[in-house]
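S.K.: Coordinates for the following, if possible.
(4 chains)
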There are 2 protein chains.
Amino acid sequence: MKSDHSSSPLTRDRILAAALELIDRHGVHGFSVRDLARTLGVYPTALYWHVPSRNALIAGAVAHALGELRPPDVEADWRDELRSLFRRYRDAVRRHPHIAQVIGAQLVSNESLSPVLVDRLLALLENAGFRGARLLNAYNVVIAAMVGFVTLELSPLPEDDPVQWAKAHEARLRDVSADDCPTLSRHLPKFADRAFVVRWSSGTERPLDASFEAWVEVVVEGLAVLKDA
Amino acid sequence: MKSDHSSSPLTRDRILAAALELIDRHGVHGFSVRDLARTLGVYPTALYWHVPSRNALIAGAVAHALGELRPPDVEADWRDELRSLFRRYRDAVRRHPHIAQVIGAQLVSNESLSPVLVDRLLALLENAGFRGARLLNAYNVVIAAMVGFVTLELSPLPEDDPVQWAKAHEARLRDVSADDCPTLSRHLPKFADRAFVVRWSSGTERPLDASFEAWVEVVVEGLAVLKDA
DNA sequence: ACCTGAACACCGTTCAAGT
DNA sequence: ACCTGAACACCGTTCAAGT
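M.R.: You can find the predicted model right below:
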C-alpha cells in the first residue's frame, strides 16, 4: 500500500508524487517538508534544489492530481459536455479529497487547471452560442460551479480532534430550539448530516450525490437562460 | 488605524476581534497565536484558557465576521431574497477577504453560519414551493452557490512571494501557444486577469462584478427550473 | 478563575560545505 | 549539478506554578 520512495534519484516528479501521497494520508495541514524528506530518504534541504517552497510542493501535488482531467468535446452537445465535465472533476478530486480546499481557496491552484482545458471549454461555450461579455461570464460561472460545490462538499473536519468536533457539532444541532428555528427543527431528521452547515461528516464519508446532481442541472439550465436572455 | 488591544481584561470576544484584525492584516497563513498574544500583551499560553486551539481562534474570528449576515425575509419574493442574500454574503466576506478560504474549505466554519439563517432560508424555499428531497437539494444548491463563487473570487495569492508569482503567471499565460489553444489565445485580451485561472490578481483587487451578477441569475433561474421539474 | 513561565517537540528556509 | 549538515528564527501546545 505504502510505496517505497527511498530509491534514487530525486526528481521533481517523484517528489510531487510522494507529496500527493502524504497529503492524501495526513491532509494539507499535516503535510510537512521534513516528513516528505524522511519518506524520500534525503535531507529536508535537498528538496529545495528541485522545488522552491512548501507552497510550490502543494501546488505541484494538486496539479499532479488534476493532470488527468479530460477536457470537454468541443463538437458535442454543450449541456451534456458540461454535465460530464462536472462529474469528471468531482471524481478526480474525490480520489484525493484533501486537495479540495487548496483548489477552491488558493489562486496558486490556477496552475493546476491546464490551458488546454480552458481552451476547450471556451470553444464549447462559443459553439453553444455565448458571445462577448456573455462568454466571459458563462466561463466564470462554469469554473466556479465546477470547483465550488466540490470544495464545500469535501471540506475536511478540523485536523485537531475530528471525532470530538463531530460529536460536539451534532449535539449543537440537536439542541436547536424549536422556538427560534421552527422550520429547521421540523426538517432536522431529513437534513441531519446530509446538508451543508447541518452536517458533521465530510463529503468523503457522506457524499451529497443527489444534491450534486441537482446542482449540475441548476447550473446547466440557468446557463441556458443566460444564453438566450 | 491599528487599535490598542493591550488593555485589560482578556475575554473571548476581545481575543476573537483581535484575531480577525490580524487575519485581515496578514492572512490566515500568516496568523500566529504568538503574534496574537503579543498584540494583546499577554503570554501565548494565556489564550488557551479562553480558546482551545489555533483552529478555534480562526473559526471564531470567521464567525465574528459573518455574525452580521442578515437572514432572508421569509415572506418576500424568493428570487429577490436569494439575490440579495448572495450579495450581502459577498459584501460581508469582502470586508475580510482572507476568511474566504476558511469558509469555503473547512467544515469548522459551518459554525459561522447561524442556525437562524439556515432556518429562514429553509422557510423561504418552502414558501417558494420546494418540498421533500427537492427542498434538501435546493438548500444545498443555495449554500454552495452563496459560498462557492466568493471563495474562488477572493482566493489569495501565494503568501510566499505574491508579486513575483503574479508576474510569472502573467508571463505563462501570454506564452500560451495559438496552436495548442487557439480559442484561448484569441480571447486572451478580453479574458486576461478577468477570468478564473486566466488571472493573476485576487478578487480583492480585481472584483468579478459582472460575472458574479451572471452567477446569481444563473442560480436563481436554474432553481426555478428545478422547482417546477 | 485566570495568567505566568519554562519546556517540548516540532516547523520552513538559509547558506556554506561537500562530492 | 545535486545533496549534506549545521544553524536561524520561528511555531502550537503541555503543564506546573503562581496569584
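
S.K.: now the residue sitting nearest the centre point of chain A: how far from B:Phe212?
M.R.: By C-alpha atoms, centre = their mean, chain A has its centre lying nearest to A:Ala100, at 2.9 Å. A:Ala100 sits at a distance of 22 Å from B:Phe212 (criterion: C-beta to C-beta, to the nearest Å). For the C-beta atoms, the positions are set from N, CA and C on the backbone; glycine is no exception.

S.K.: Would stretch A:218-229 count as contacting chain B?
M.R.: Yes: using C-beta under 8 Å from any C-beta of the partner chain, stretch A:218-229 reaches chain B at A:218-223, A:225-226, A:229.

S.K.: In that stretch, which residues are buried?
M.R.: By neighbour count on 16 or more other C-beta atoms under 10 Å in any protein chain shown, the buried set for stretch A:218-229 is A:218-224, A:226-227.

S.K.: any idea which element whichever residue of chain A sits closest to chain B lies in?
M.R.: Evaluated by C-beta to the nearest C-beta, chain A has A:Gly148 as its residue closest to chain B, separated by 2.3 Å. For A:Gly148, the element it lies in under DSSP states H and E is helix A:132-153.

S.K.: That helix - contacts with which helices or strands?
M.R.: Helix A:132-153 makes packing contacts with helix A:78-94, helix A:100-105, helix A:115-128, helix A:209-227, helix B:100-105, helix B:132-153, helix B:182-191, helix B:209-227 when contacts are defined by 3 or more C-beta pairs under 8 Å, 6 or more residues apart in numbering or on different chains; DSSP states H and E.

S.K.: can you rerun that using 7 Å?
M.R.: Packed against helix A:132-153 by the contact rule (3 or more C-beta pairs under 7 Å, 6 or more residues apart in numbering or on different chains; DSSP states H and E) you find helix A:78-94, helix A:100-105, helix A:115-128, helix A:209-227, helix B:100-105, helix B:132-153, helix B:209-227.

S.K.: for these, which one sits closest to DNA strand D?
M.R.: The closest of the helices and strands packed on helix A:132-153 to DNA strand D is helix B:100-105. By C-beta to the nearest atom of the strand, the value is 14.5 Å.

S.K.: Give me the spatial nearest neighbour of A:Leu125, chain neighbours excluded.
M.R.: A:Ala138 (5.2 Å; C-beta to C-beta, 6 or more residues apart in numbering or on different chains).

S.K.: Model confidence score at that neighbour, please.
M.R.: In this model, A:Ala138 is scored at 98, pLDDT.

S.K.: Quickly note the distance from it to B:Pro71.
M.R.: 30 Å.

S.K.: Same drill for the two, tell me which one is more crowded.
M.R.: A:Ala138 (27 against 18; other C-beta atoms under 10 Å in any protein chain shown).

S.K.: Can you name the residues that contact the more buried one?
M.R.: Neighbouring residues of A:Ala138 by C-beta atoms under 7 Å, 6 or more residues apart in numbering or on different chains: A:125, A:130, A:223, A:226.

S.K.: Count residues in the vicinity of the first one, would you?
M.R.: Taking other C-beta under 10 Å as the criterion, the count of residues near A:Leu125 is 27.

S.K.: hang on, isn't it packed against A:Arg134?
M.R.: No: at 8.9 Å, A:Leu125 does not count as touching A:Arg134 under the criterion of C-beta atoms under 7 Å.

S.K.: do you know how far the residue of chain A most remote from its centre is from B:Gly67?
M.R.: In chain A, the residue that sits farthest from the middle, by C-alpha atoms, centre = their mean, is A:Asp179; the gap is 37.0 Å. A:Asp179 sits 20 Å away from B:Gly67, going by C-beta to C-beta.

S.K.: ok, now A:Arg83?
M.R.: On the measure of C-beta to C-beta, A:Arg83 and B:Gly67 end up 38 Å apart.

S.K.: Could you do A:Leu136 as well?
M.R.: A:Leu136 is 34 Å from B:Gly67, by C-beta to C-beta.

S.K.: Same question for A:Phe212.
M.R.: Here A:Phe212 is placed at a distance of 30 Å from B:Gly67 (C-beta to C-beta).

S.K.: neighbour-wise, which of those two wins?
M.R.: Counting neighbours by other C-beta under 10 Å for A:Phe212 and for B:Gly67 shows that A:Phe212 has the greater number, 21 against 10.

S.K.: Tell me who's in contact with the more buried one.
M.R.: A:90, A:149.

S.K.: which residues touch stretch A:222-229?
M.R.: Residues from elsewhere that reach stretch A:222-229 (C-beta under 7 Å, 6+ apart): A:128-130, A:134, A:138, A:141, B:214, B:217-219, B:221-222.

S.K.: Near DNA strand C, which residues of chain A are found?
M.R.: With C-beta under 7 Å from any atom of the strand as the criterion, chain A comes near DNA strand C at residues A:31-35, A:44-45, A:48, A:53-55.

S.K.: Pull out the buried residues from the residues you listed.
M.R.: Buried subset of those (neighbour count, 16+ other C-beta under 10 Å): A:31, A:33, A:35, A:54-55.
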